[in-house]
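In: fold the stuff below for me.
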Amino acid sequence: MKISHYDVLQVSPKASLDIIKAAYEHLKPALVQQAGEGNQEARNQLLFLEEANSVLSSPEKRSAYDALLAGTPVPTYATHPLAYETDNTFLSWWGDSKTARILMAIGLSAAVFGAYKFIGQRGELKTQAKQVEIQAEREIGSFRNDAYRAESERTLIQGSVQNQDKLIDKSYDIASREAERRKAELEYRANAGAQQLEMQRQRQEAQLQEQRWRQEQYEKDRQAREAKAVADAPKRQLCNMYALNGNTRDAQAAGCFRY
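Out: Below is the predicted model of the structure:
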């Protein structure tokens with residue numbers, strides 16, 4: 001079974017450029033790590049991955065590759081990176097293209113496979129192919145597990161964000177109610193303070209009125225006393241004269257003893 005660039009990136013032939021880019025960035029780190037640890041199979045897969053990304057990330061190369069997969073003839077190399085031509089363009093492409101090197105590697109592998117088949121080592125090749133297939137299935141399973149974990153984490157994060165939004169809304173409602181309560185309390189205190197100030201003003205005004213009334217009453221009493229003193233002055237002089245002369249009878253008749 002032939003493996004296409006879409007199979008290498010584990011995406012659909014109808015996948016967008018963003019999905020292809022995301023698949024490439026998802027698969028590459030693990031292969032780079034394994035290749036760095038000396039895994040030859042990972043190195044080979046990394047080469048296929050790079051080539052697949054190089055072709056599918058370019059609209060022109062991808063269009064030509066899709067035409068090749070569909071078996072549609074392509075007139076020129078400019079629109080088809082895998083077209084087989086016999087001119088200098090094809091030779092230049094054959095010397096520089098990664099696809100050419102991969103095709104050469106595939107050709108060498110096919111020649112080796114024919115040699116092994118010729119000398120009767122078909123069983124060993126089947127075993128190796130089976131091991132490669134098993135390894136590929138394991139890696140695909142690992143990728144699927146990673147995708148499942150990523151989806152689970154995304155769901156958890158989304159749920160956490162939704163819960164956080166609910167908590168924020170609830171906190172906002174509580175803060176809003178507290179602000180309204182505080183506002184009502186301040187208004188009540190302000191009204192109570194205004195009423196208290198009004199009562200104090202009225203008390204002060206009443207006290208001032210009482211003081212004015214007392215002052216007026218005192219002034220009236222003083223004026224009455226002065227008027228009485230002025231009115232009684234002649235009689236006092238007469239009584240004093242009677243007292244100096246010893247005329248008790250006239251003094252008593254004049255009512256001087258009341259003074």
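In: avg pLDDT for the helix ranked longest in the chain?
Out: Longest helix of the chain, by residue count under DSSP state H: helix 122-245. Average pLDDT, helix 122-245: 80.
In: how far does it sit from the chain's center?
Out: The chain centroid and the centroid of helix 122-245 are separated by 29 Å under C-alpha atoms, centre = their mean, to the nearest Å.
In: next one: stretch 20-27
Out: Put simply, stretch 20-27 sits 28 Å off its chain's centre (C-alpha atoms, centre = their mean).
In: can I get that stretch in PDB, CA atoms only?
Out: What follows is stretch 20-27, C-alpha atoms only, in PDB (Å, rounded to 0.1, in the frame of the first residue of the first chain):
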ATOM      1  CA  ILE A  20      -1.600  20.900   7.600                       C
ATOM      2  CA  LYS A  21       0.600  23.300   9.400                       C
ATOM      3  CA  ALA A  22      -0.800  22.200  12.800                       C
ATOM      4  CA  ALA A  23      -0.300  18.500  12.000                       C
ATOM      5  CA  TYR A  24       3.300  19.200  10.900                       C
ATOM      6  CA  GLU A  25       4.000  21.100  14.100                       C
ATOM      7  CA  HIS A  26       2.400  18.400  16.200                       C
ATOM      8  CA  LEU A  27       4.300  15.400  14.600                       C
END
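In: in that stretch, what's buried?
Out: Neighbour counts using 16 or more other C-beta atoms under 10 Å place 20, 23-24, 27 of stretch 20-27 among the buried residues. From N, CA and C alone the C-beta is placed, and that goes for glycine too.
In: now, those residues that are in helices?
Out: Judged by DSSP H, helices contain the following of the buried residues of stretch 20-27: 20, 23-24, 27.
In: specify which member of those is nearest to I134.
Out: Nearest to I134 among these is L27, at 18.7 Å by C-beta to C-beta.
In: which residue comes closest to the closest one once chain neighbours are left out?
Out: L49 (5.9 Å; C-beta to C-beta, 6 or more residues apart in numbering).
In: element containing that neighbour?
Out: L49 belongs to helix 40-56 when assigned by DSSP states H and E.
In: quick check: angle from that helix to helix 122-245?
Out: 70 degrees (axes from the mean of the first three to the mean of the last three C-alpha atoms, to 10 degrees).
In: give me the buried positions along the next helix or strand after helix 40-56.
Out: Using DSSP H and E, the helix or strand that follows helix 40-56 in sequence is helix 59-70. Along helix 59-70, these residues count as buried under the neighbour rule (16+ other C-beta under 10 Å): 61-62, 64-68.
In: and for stretch 222-242?
Out: For stretch 222-242, the neighbour count (16+ other C-beta under 10 Å) marks 239, 242 as buried.
In: may I have it exported as CSV, CA atoms only?
Out: Extracted as CSV, the C-alpha positions of stretch 222-242 are listed here (Å, rounded to 0.1, in the frame of the first residue of the first chain):
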residue,chain,number,x,y,z
ARG,A,222,-36.0,96.9,84.3
GLN,A,223,-37.9,99.6,82.6
ALA,A,224,-40.9,99.0,84.9
ARG,A,225,-38.6,99.2,87.9
GLU,A,226,-37.1,102.4,86.7
ALA,A,227,-40.5,103.9,85.9
LYS,A,228,-41.7,102.9,89.4
ALA,A,229,-38.6,104.4,91.0
VAL,A,230,-39.1,107.6,89.0
ALA,A,231,-42.8,107.6,90.1
ASP,A,232,-42.0,106.9,93.7
ALA,A,233,-39.1,109.5,94.0
PRO,A,234,-41.2,112.5,95.2
LYS,A,235,-43.0,110.3,97.8
ARG,A,236,-39.6,109.0,99.0
GLN,A,237,-38.3,112.5,99.4
LEU,A,238,-41.4,113.4,101.4
CYS,A,239,-41.1,110.4,103.6
ASN,A,240,-37.4,111.2,104.1
MET,A,241,-38.4,114.7,105.2
TYR,A,242,-41.0,113.4,107.6
